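Asks: compute the structure for the input listed below.
(one chain, ligands or ions: 2)
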Amino acid sequence: MGADMTDSPSPPLKLFNSLTRSLEEFVPVHPGEARVYSCGPTVYNYPHIGNMRAYVFADTLGRTLSFKGYKLTHVINITDVGHLTDDADAGEDKLEKAAAEKAQSIWDIARHYTEAYWADVKALNIRQPAHWSIATDYVPQMIDFAKAIAEKHCYELESGLYFDTATVADYGRLARHGTDEGESRIDPVDGKRHPADFAIWRKTPAGETRQMEWDSPWGRGAPGWHLECSVMSEALLGFPFDIHTGGIDHREIHHPNEIAQNQAHSCSDASGARFWMHNNFLVERSGKMSKSSGEFLRVQLLIDKGYHPLAYRLMCLQAHYRSELEFSWDGLGAALTRLRRLVMAAAAVRDVEAAEISDRRLTDLLAKFDAAMSDDLNTAVALTVFEEAAAMKKIDAGQKRGTLAAMDAVLGLDLLTIDRAALRVRPKTAVIAEDEIEATLVRRKEARAAKDFATSDALRDELIAAGVEVMDGDPFGWDWRLEA
Ligand code: AMP
Ligand code: ZN
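Replies: Ligands and ions are numbered 1, 2, ... in the order given. You can find the predicted model right below:
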């Protein structure tokens, strides 16, 4: 369903381009199409919920492009080789390290964490991209790409083939290296001509073997992480494509390096994509989120504590993607409460068949929703427009359903289909079964009806002892919840 069903013309889509640090109108490279590449996970560990914010953002962008009527081709890669423990080419290969620590095959590790990531993608209602590109499937193309740029742009060291960042125009312009705004944090590494030079191919050190290695003109070894994204984005989307996304950290090293390679490969100053877009970080009060510090915040942990994963998606949508978002359990609880309110507000038209939308009040609201999303994905405002539409009285139910469904297709919160019982806080560790709770509540209701308050109170205490909070007169109809 496109936004062009309203009477008024759809506003142009404006997106913040990190290249120019300004809002720009989205004009597709190929009319009617939108081609988007998102840097995917390095599958050496479970993704934390901060990582997943990057994909909720990319998915919201994709859903908005679909809503605006573009035929979307989205690619997300899976980095199963080549990403060192430091983005700027220092340290060990993240996957080789994890395999050594866990004494497992690197391929098994990659498969395990890829599947865990896909489970989170599903739980958060992130739509399947057209392609999941797996880095190890593209190694021959990476070697070809490297061969094409080696002579003019690279030099060899003992440890491999390096990209000479001085050979392309304006290296690091995306990161604004060397300006006050830039956050240059690239450490010098021995043997490089310039500190920012980076590995295109990493030779396996003499006497060692890696679990993942391939033959190349520069010796047996593995591709550099930055090379992977240049090769896969060009192979699947062609240069130039429309939008490249990633977390804000990628604006500093990974994406400037991709851009340098793309410039070298296309023998031009073109960056490879028209828009480079970056989501800001999810942070914990203690600072940046990490996979190794404190309680490991995974989607599965939220689920185990009893929170529906879409409460986390809503938490992301309540903030602008370019703002830092602080995670707290209270914040997640508040998002869950709002999710319930949204579901309840839409409940009256849940089972109604959608009808074509002609009522001016609804087309106006759809236009308002469109304007919010077209304003650099202002999801916070879009959510309030959904609430406005859901609260509308004396309006054709079918048209109302159609309007809410069109909005939810962009928000991705399943507001008209979600299983309401799943929105109860129900920790995995809870010992009491739902039918037991329901049966006790029925007995309590009977006792209250008979004005037998002693029994009613005793039953309530029994439930409290089992970790069930009874919420008398809860306006949303959830009359109990389990304590987390
Ligand atoms: P990685 O698996 O480390 O390559 O990261 C996957 C994606 O998550 C990348 O786009 C990162 O930029 C992004 N990312 C990493 N940490 C965070 C965070 N705390 N909040 C939001 N995005 C993040
Ligand atoms: Zn990438």
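Asks: what pairs with Y37 across the strands?
Replies: For Y37, the beta-bridge partners under DSSP bridges are V75, H244.
Asks: can I assume it is in contact with A235?
Replies: No - taking contact to mean CB atoms under 8 Å, the distance of 10.5 Å between Y37 and A235 leaves them out of contact. In short, each C-beta sits where N, CA and C put it, glycine included.
Asks: quick one: which of the two has more around it?
Replies: Set Y37 next to A235 and count neighbours by other CB atoms under 10 Å: Y37 wins out with 29 against 16.
Asks: now do the same contact list for that one.
Replies: Taking CB atoms under 8 Å, 6 or more residues apart in numbering as the definition of contact, the neighbours of Y37 are 74-77, 229, 232-233, 236-237, 241, 243-245, 273.
Asks: quick one: which of those is most hemmed in?
Replies: Neighbour counts for the contacts of Y37 peak at H244, which has 31 neighbours (criterion: other CB under 10 Å).
Asks: now it: how far from K393?
Replies: Here the criterion is CB to CB, to the nearest Å. By it, H244 lies 45 Å from K393.
Asks: who touches W132 in this structure?
Replies: Taking CB under 8 Å, 6+ apart as the criterion, W132 is in contact with G40, V75, I76, N77, I78.
Asks: closest one of the contacts of Y37 to ligand 2?
Replies: Using CB to the ion, C229 is the member of those that sits closest to ligand 2, with 3.2 Å.
Asks: for the closest one, which non-adjacent residue is spatially closest?
Replies: Here the nearest residue to C229 in space, its sequence neighbours aside, is E258; by CB to CB, 6 or more residues apart in numbering that works out to 5.2 Å.
Asks: show the average pLDDT along the one helix or strand R361 maps to.
Replies: Under the criterion of DSSP states H and E, R361 resides in helix 360-374. Average pLDDT, helix 360-374: 98.
Asks: just how off-centre is that helix within its chain?
Replies: The chain centroid and the centroid of helix 360-374 are separated by 25 Å under CA atoms, centre = their mean, to the nearest Å.
Asks: repeat that for stretch 58-67.
Replies: Offset of stretch 58-67 from its chain centre (CA atoms, centre = their mean): 12 Å.
Asks: any residue of stretch 245-263 up close to ligand 2?
Replies: No - counting by CB under 5 Å from the ion, ligand 2 is not contacted by stretch 245-263; separation bottoms out at 5.5 Å.
Asks: check whether that stretch contacts ligand 1.
Replies: Yes - Stretch 245-263 is in contact with ligand 1 by CB under 6 Å from any ligand atom, via G246, G247, D249, H250.
Asks: straight-line length of that stretch, end to end?
Replies: Taking CA to CA, to the nearest Å, the first and last residues of stretch 245-263 lie 18 Å apart.
Asks: same question, stretch 34-46
Replies: 30 Å.
Asks: can you name the two of the residues of stretch 245-263 next to ligand 1 that are farthest apart?
Replies: Of all pairs drawn from those, the one with the longest distance (CB to CB) is G246 and D249, at 7.9 Å.
Asks: what about those two, which has more around it?
Replies: For G246 and D249, the more surrounded residue by other CB under 10 Å is G246, and the numbers stand at 23 against 16.
Asks: the residue nearest the centre of the chain in helix, strand or coil?
Replies: For the chain, the residue whose C-alpha lies nearest the mean C-alpha position (CA atoms, centre = their mean) is Y55; its distance is 1.4 Å. In terms of secondary structure, Y55 is helix; the call rests on DSSP: H, G, I helix; E, B strand; the rest coil.
Asks: skip the chain neighbours and tell me the closest residue to it.
Replies: Spatial nearest neighbour of Y55, excluding adjacent residues (CB to CB, 6+ apart): I126 at 5.1 Å.
Asks: T79 now?
Replies: Residue nearest to T79 in three dimensions, not counting chain neighbours: T42, with 4.3 Å by CB to CB, 6+ apart.
Asks: rewinding a little: would you mind putting the CA coordinates of the next helix-or-strand element following the helix holding R361 into CSV?
Replies: Using DSSP H and E, the helix or strand that directly follows helix 360-374 along the chain is helix 379-390. Taking Å, rounded to 0.1, in the frame of the first residue of the first chain, the C-alpha atoms of helix 379-390 are listed here in CSV:
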residue,chain,number,x,y,z
THR,A,379,9.3,7.5,14.0
ALA,A,380,8.5,9.2,17.3
VAL,A,381,6.0,11.5,15.6
ALA,A,382,4.7,8.7,13.3
LEU,A,383,3.8,6.7,16.5
THR,A,384,1.7,9.6,17.8
VAL,A,385,-0.1,9.8,14.4
PHE,A,386,-0.9,6.1,14.7
GLU,A,387,-2.4,6.8,18.2
GLU,A,388,-4.4,9.7,16.8
ALA,A,389,-5.9,7.4,14.1
ALA,A,390,-6.6,4.6,16.5
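Asks: tilt between helix 379-390 and helix 360-374?
Replies: With axes from the mean of the first three to the mean of the last three CA atoms, to 10 degrees as the criterion, the two stretches helix 379-390 and helix 360-374 enclose an angle of 170 degrees.
Asks: how far off centre is helix 379-390?
Replies: Offset of helix 379-390 from its chain centre (CA atoms, centre = their mean): 21 Å.
Asks: for it, which outside residues touch it?
Replies: Here helix 379-390 makes contact (CB under 8 Å, 6+ apart) with 60, 314, 317-321, 342, 345-346, 362, 365, 368-369, 372-373, 375, 400, 403-404, 407-408, 410-411, 415.
Asks: from what I see, D170 and A270 are in contact.
Replies: No - the criterion here is CB under 8 Å, and D170 misses it with A270 at 11.7 Å.
Asks: burial of the residue nearest to T79, as a residue count?
Replies: Residues near T42, counting by other CB under 10 Å: 25.
Asks: and it, how far from ligand 1?
Replies: 4 Å (CB to the nearest ligand atom, to the nearest Å).
Asks: now swap in E356 and tell me
Replies: 39 Å.
Asks: okay, now the nearest residue to that residue once chain neighbours are set aside: neighbour count?
Replies: What sits nearest to E356 in space, not counting adjacent residues and going by CB to CB, 6+ apart, is G402, at 6.9 Å. Using other CB under 10 Å, the number of residues around G402 comes to 23.
Asks: name the nearest residue to the residue in the stretch 301-450 of the chain positioned nearest to ligand 1, ignoring sequence neighbours.
Replies: With CB to the nearest ligand atom as the measure, L325 is the residue of the stretch 301-450 of the chain nearest to ligand 1, at 7.9 Å. Nearest non-adjacent residue to L325, counting by CB to CB, 6+ apart: A319, 4.4 Å away.
Asks: how many other residues sit next to the one you found?
Replies: Taking other CB under 10 Å as the neighbour definition, A319 ends up with a count of 18.
Asks: for the residue of the stretch 251-400 of the chain found nearest ligand 2, give me its contacts.
Replies: Among residues of the stretch 251-400 of the chain, the one nearest ligand 2 by CB to the ion turns out to be H254. It sits 5.5 Å away. The contact partners of H254, taken as CB under 8 Å, 6+ apart, are C39, D87, W225, H226, C229, G246.
Asks: switch the cut-off to 6 Å
Replies: When the contact criterion is CB atoms under 6 Å, 6 or more residues apart in numbering, the partners of H254 are H226.
Asks: next one: the one 10 residues further on
Replies: Residues in contact with A264, defined by CB under 6 Å, 6+ apart, are I149, H153, V168.
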